[in-house]
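[1] got a structure for you, letters missing:
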């Protein structure tokens, strides 16, 4: 069957079919993809040859909905599998009602979506099981999701943090003005901004957390909160020892000079 000039379209593959399912014209792209062997088949037999059992159901669905212009996404099983979008529509001419079938190669789109979904899944697993508290907020600071570790740090459940303002998690202005910190985060997209702040917990204690925040694009911010209470207490203890006599506990000479 010779390739013929078909109506202008931005699709990759085009075929004309009769209402009975006979192929009456093809684009050169279809010829290159399928070859003469497949094009000698009735379209029903061709679909069985190039689509698996599950995808054939999608072909039937397109055919049954053709009067309303149906579409389906399916895998073409010729060599390396490729994904195509298929749609069909009645195109009336002076000699009858041939059916126009259009297919577009969307393999790259499907692969990209698959990789993105896998990446998001890995991030979600790492986020949920991280030993460091974490939260994802919008640009205003409203918490969209928090992990279990952050919930434990605050003495609550992670789902109870959803829709709360992130400012509610910290003692006001501990470690500097929150507004300045947040403005810096939003103005440095992709860059980590770090500050030590006291946390508000359900039991009233105020442990220290090291907050690392980074803006993701223009509408999301990811926060990590690491409990540094023990570290700060150890640092204060070392500083205290450096300024006091080890035996008597009295201020040493250096501290005395600072007072004078």
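    Structure received. Predicted model, so just to flag it, every value in this text is computed and none were measured.

[2] contacts, neighbours, all on C-alpha from now
    OK.

[3] Check for me that residue 130 belongs to a strand.
    No: read with DSSP: H, G, I helix; E, B strand; the rest coil, residue 130 is coil and lies in no strand.

[4] quick one: contacts for it?
    Counting by Cα atoms under 8 Å, 6 or more residues apart in numbering, residue 130 touches 147, 149.

[5] Same check on residue 13?
    Neighbours of residue 13 in contact, by Cα under 8 Å, 6+ apart: 27, 29-30, 102-104.

[6] Could you pull out the helices in the stretch 1-150 of the chain for me?
    28-39, 43-50, 53-64, 107-128, 148-154 (DSSP state H, counting those that start in this stretch).

[7] Repeat that for the stretch 151-260 of the chain.
    178-187, 229-243, 253-259.

[8] between the contacts of residue 13, which is closest to residue 110?
    Closest approach to residue 110 among the contacts of residue 13 (Cα to Cα): residue 104, at 12.1 Å.

[9] count of neighbours near that closest one?
    By other Cα atoms under 10 Å, the residues close to residue 104 number 16.

[10] Distance check, it against residue 52.
    Here residue 104 is placed at a distance of 18 Å from residue 52 (Cα to Cα, to the nearest Å).

[11] Lowest average confidence across the helices of the stretch 1-150 of the chain, which one?
    Lowest mean pLDDT within the helices of the stretch 1-150 of the chain: helix 53-64, a mean of 65.

[12] which residues does the residue nearest to residue 227 when sequence neighbours are not counted bridge with?
    Leaving out its chain neighbours, the residue that sits closest to residue 227 by Cα to Cα, 6 or more residues apart in numbering is residue 209, at 4.5 Å. Here residue 209 sits in beta bridges with residue 197, residue 227, as judged by DSSP bridges.

[13] so what's residue 209 up against?
    196-199, 225-229.

[14] Let's see that with 10 Å instead.
    133, 153, 170, 195-199, 224-229, 232 (Cα atoms under 10 Å, 6 or more residues apart in numbering).

[15] Now stretch 227-244: average pLDDT?
    67.

[16] now do stretch 87-103
    On average, stretch 87-103 scores 66.

[17] got the buried residues for stretch 196-203?
    Neighbour-count burial for stretch 196-203, with 16 or more other Cα atoms under 10 Å as criterion, is recorded at 196-201.

[18] cool, and stretch 210-226?
    210-216, 220-226.

[19] and if you look at stretch 23-33?
    23-28, 30-31.

[20] Give me the below-cutoff pLDDT ranges for the stretch 151-260 of the chain.
    232-260 (pLDDT under 70).

[21] run the last query once more with 50
    For the stretch 151-260 of the chain, residues meeting the criterion pLDDT under 50 lie at 255.

[22] surely residue 205 meets residue 229?
    No: judged on Cα atoms under 10 Å, residue 205 makes no contact with residue 229 at a distance of 11.1 Å.

[23] Give me the common contacts of these two.
    Contacts common to residue 205 and residue 229, judged by Cα under 10 Å, 6+ apart, are residue 198.
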